[in-house]
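Enquirer: Sharing a model that was predicted from the sequence below.
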Amino acid sequence: MAVCSSWGTAILLALATLITPAVEAGPDVRGVTPDLLPRYSIPSDADFECLDGRGSVPASRINDEYCDCTDGSDEPGTSACPGGSFYCANVGFEPRTLKAALVDDGVCDCCDGSDEPVGSCANTCQARGLARKAELAERLHAARAGLQRRAQYVQEAASKLTGWKAELARLRDDLSRQEVEQNAAEALRDSLQAKEDELKAAAEAAEKAPASGGDTNKEHQGSTGTPDADQAAPEAISADEVVAADQVHEHVLLPEEMAEAQGDGTAQPETQTDKDMAAAAAAVSVPPGVLGRAKTALADVWSAALSLLPGSRSRSAPAVPKSKVSDAVLAQLKADLDAAKSPLSHARTTASAAATAVRETKKAIAELETKLENIGKGAYGEDSAWAALDGRCFSAQVDKYTYELCPFGAAKQVEGSGGGTNLGRWEGLLDDGARLAFQRGQQCWNGPARSLQATTLCGPTERLFDVSEPSRCEYAARFETPAACRAVDVAALERELARYGGAPVHEEL
């Protein structure tokens, strides 16, 4: 009898153990994250240890709408504890953690409806999961295509580097030649300017000299009023003779010719200039004696003009015979001055163009040198792939504005056909190419200088979109480009898609 009693007691104890309730893992413990479920899987008559280790409460008090633990861990499925959190399992879609205050507030925040009383919300997780799966598959396809395109960008960057070096060498050669041309053009311009200045001075002096005709020159008359017996009246020179002489003399008398014309009568040795002029005179059939008379007449006028200039060593102008300062001579000087204007104007234009060419070549050289330095500094990102976008611009239309973004250049906002507003100059790639930064744009009225930052996304082609102005004069945008594609990002998309069962079938798309 005692034995039967012992066996009965053992059986009862075993049955009691089997039927003792416990807090089950899973949906029976509302709002608990999977990693913490073991902490809540305890018998109902056991004590629950608060997660912060600062006390315990009976298991029966879990989710009883009263906050017992100081960290609120005894109320994972209610809104009783300030600062608490609620976990949505969302099977078929993405798990989510809410603030405890959103639990049982009448709004379905979890797609499985677990944050509201049972039956209050429809479970939309499966439908949302399928849509997410399709989206991830599309993104993965674009990312793989972008990664392949990025490999081409790396090759293009290498080609650009070679091209920049070759262009730099060519520009440096061009600069050497252009500087020689500039020096020659400026020397010609200065020479013609000096000749024009001399002609102006001579013409002004000739106008002040005694004119032909009128009163006789008293310095060339004797006491009887007749011409000096020692000096014969010079023969008059016609306008045609002056023009003919000028054809040989190229409109400008040389200093040695002036000295010969003003000599003391002593014969001067024949110079190469004299020989050249004599040959030229014969070539154009100048009448005999005309060349000498024209040279003598013009030299006298030239000497008189020089004596009138400031700083002249001659204190007084020599006497100039009236017949030599003829209207024809003065007219010819003025004609020479007019004729000199066109070559001088052309020389000025040529010199200016040469200077501009040198300046532009120097600027291009500086820009190429900067680009080559940037490659060495990693300014074009990993493998210099971003260099493929150097010199390219991309735009997006937002309402009445067109936004233009030029990596390694500038960003601007254009309204209509206007010149646009500068939103910033290139600042660089931030966070390993995660963002493009443009700073120091046009100053805002009573505000900061405009700036723009574009978040980069991996894609098969370039696309600028979602341009906005979240803060005054601070613009934001998103920019899709193969240059932003990385193998690690493609791998991450593959892992995320795998959570949804791999690539979606056609029906799900």
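Expert: Right, received. Where do you want to start?
Enquirer: mind listing the helices in the protein by residue range?
Expert: For the chain, the helices defined by DSSP state H occupy 2-19, 37-40, 125-208, 239-249, 255-261, 272-283, 290-308, 327-377, 487-498.
Enquirer: can you pull the alpha-carbon coordinates of the second one into PDB?
Expert: The C-alpha trace of helix 37-40 is given here as PDB (Å, rounded to 0.1, in the frame of the first residue of the first chain):
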ATOM      1  CA  LEU A  37      12.800  35.600 -26.400                       C
ATOM      2  CA  PRO A  38      14.800  33.100 -24.300                       C
ATOM      3  CA  ARG A  39      14.800  35.700 -21.400                       C
ATOM      4  CA  TYR A  40      11.000  35.700 -21.500                       C
END
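Enquirer: Any buried residues in that helix, and which?
Expert: Across helix 37-40, burial judged by 16 or more other CB atoms under 10 Å covers 37, 40. Placement of C-beta: from N, CA and C, glycine included.
Enquirer: Repeat that for stretch 191-198.
Expert: For stretch 191-198, by 16+ other CB under 10 Å, it's 192, 195, 196, 198.
Enquirer: quick one: residue 84 from residue 37, how far?
Expert: Look at residue 84 and residue 37: by CB to CB, to the nearest Å, they are 17 Å apart.
Enquirer: go on, residue 481?
Expert: 44 Å.
Enquirer: And residue 412, by the same measure?
Expert: From residue 412 to residue 37 the distance is 56 Å (CB to CB).
Enquirer: next one: residue 363
Expert: According to CB to CB, residue 363 stands 69 Å off from residue 37.
Enquirer: sorry, back to before: in CSV: the buried residues of stretch 191-198, plus pLDDT and distance to residue 163.
Expert: Listed next are these as CSV, based on pLDDT from 0 to 100; distance: CB to CB, whole Å:
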residue, pLDDT, distance to residue 163
192, 84, 42
195, 84, 47
196, 83, 47
198, 83, 52
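Enquirer: Spatially nearest residue to residue 133, not counting backbone neighbours?
Expert: residue 500 (4.0 Å; CB to CB, 6 or more residues apart in numbering).
Enquirer: which ones are touching the one you found?
Expert: By CB atoms under 8 Å, 6 or more residues apart in numbering, residue 500 lies in contact with 129, 132, 133, 136.
Enquirer: most neighbours, which of those?
Expert: In terms of neighbours by other CB atoms under 10 Å, those top out with residue 133 at 23 neighbours.
Enquirer: Report pLDDT for that residue.
Expert: At residue 133, the pLDDT value in this model is 92.
Enquirer: Against residue 497, how distant is it?
Expert: In this view, residue 133 and residue 497 are 7 Å apart by CB to CB.
Enquirer: Could you do residue 171 as well?
Expert: 50 Å.
Enquirer: can you tell me which residues contact the closest residue to residue 443 other than its chain neighbours?
Expert: With sequence-adjacent residues excluded and distances taken as CB to CB, 6+ apart, residue 443 is closest to residue 449, at 5.2 Å. Residue 449 makes contacts with 424, 439, 440, 441, 442, 443, 473, as judged by CB under 8 Å, 6+ apart.
Enquirer: Try it again at 10 Å.
Expert: 422, 423, 424, 439, 440, 441, 442, 443, 473, 474 (CB atoms under 10 Å, 6 or more residues apart in numbering).
Enquirer: go on, residue 122?
Expert: 108, 111, 112, 113.
Enquirer: Just confirm the third one contacts residue 120, I think it does.
Expert: So the one you mean is residue 112. No: Residue 112 is not in contact with residue 120 according to CB atoms under 10 Å; the separation is 11.6 Å.
Enquirer: Between those two, which is the more surrounded one?
Expert: residue 112 (21 against 12).
Enquirer: roughly how far apart are residue 146 and residue 462?
Expert: As judged by CB to CB, residue 146 and residue 462 stand 10 Å apart.
Enquirer: Which one's more surrounded, those two?
Expert: Shown here are residue 146 and residue 462; by other CB under 10 Å, residue 146 has more neighbours (24 against 18).
Enquirer: ok, so what distance separates that one from residue 174?
Expert: With CB to CB as the criterion, residue 146 and residue 174 are 39 Å apart.
Enquirer: Equivalent analysis for residue 460, please.
Expert: Following CB to CB, the distance that separates residue 460 from residue 174 is 39 Å.
Enquirer: Compare these two and say which is more crowded by neighbours.
Expert: The neighbour count for residue 460 versus residue 174, taken as other CB under 10 Å, is higher for residue 460 (19 against 15).
Enquirer: and the nearest residue to the more buried one once chain neighbours are set aside, how many neighbours?
Expert: Take residue 460 and drop its neighbours on the chain: the residue closest to it by CB to CB, 6+ apart is residue 145, 3.9 Å away. Per other CB under 10 Å, the neighbour tally for residue 145 reads 16.
Enquirer: can you tell me which residues contact residue 145?
Expert: By CB under 10 Å, 6+ apart, the contact set of residue 145 is 458, 459, 460, 461, 482, 485.
Enquirer: Now pLDDT and distance to residue 390 too, for these, in a markdown table please.
Expert: Shown next, in a markdown table, are the contacts of residue 145 (pLDDT from 0 to 100; distance: CB to CB, whole Å):
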| residue | pLDDT | distance to residue 390 |
| --- | --- | --- |
| 458 | 92 | 19 |
| 459 | 91 | 19 |
| 460 | 93 | 20 |
| 461 | 94 | 17 |
| 482 | 95 | 15 |
| 485 | 93 | 18 |
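Enquirer: What would I type in PyMOL if I wanted to highlight the buried members of those and nothing else?
Expert: Typed into PyMOL, the line below selects the buried ones among the contacts of residue 145, using 16+ other CB under 10 Å:
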select buried, resi 458+459+460+482+485
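Enquirer: Switch the contacts of residue 145 over to TSV; also include distance to residue 124.
Expert: Below are the contacts of residue 145 laid out as TSV (distance: CB to CB, whole Å):
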residue	distance to residue 124
458	29
459	29
460	32
461	34
482	35
485	32
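Enquirer: just to revisit the earlier point, wait, which of the contacts of residue 122 is closest to residue 32?
Expert: residue 112 (14.3 Å; CB to CB).
Enquirer: Next, give phi and psi for the closest one.
Expert: With angles defined as degrees, to the nearest 10, residue 112 sits at phi -90, psi 0.
Enquirer: about what we covered before: nearest to residue 404, of the contacts of residue 449?
Expert: residue 423 (8.8 Å).
Enquirer: quick one: contacts for that closest one?
Expert: By CB under 10 Å, 6+ apart, the neighbours of residue 423 are 403-405, 410-413, 438-439, 441-442, 449-452, 467, 469, 473-475, 477.
Enquirer: Which ones among these map onto strands?
Expert: 403-405, 410-413, 438-439, 451-452, 467, 469, 474-475, 477 (DSSP state E).
Enquirer: in the stretch 101-250 of the chain, what spans have low per-residue confidence?
Expert: Within the stretch 101-250 of the chain, the ranges that satisfy pLDDT under 70 run 209-250.
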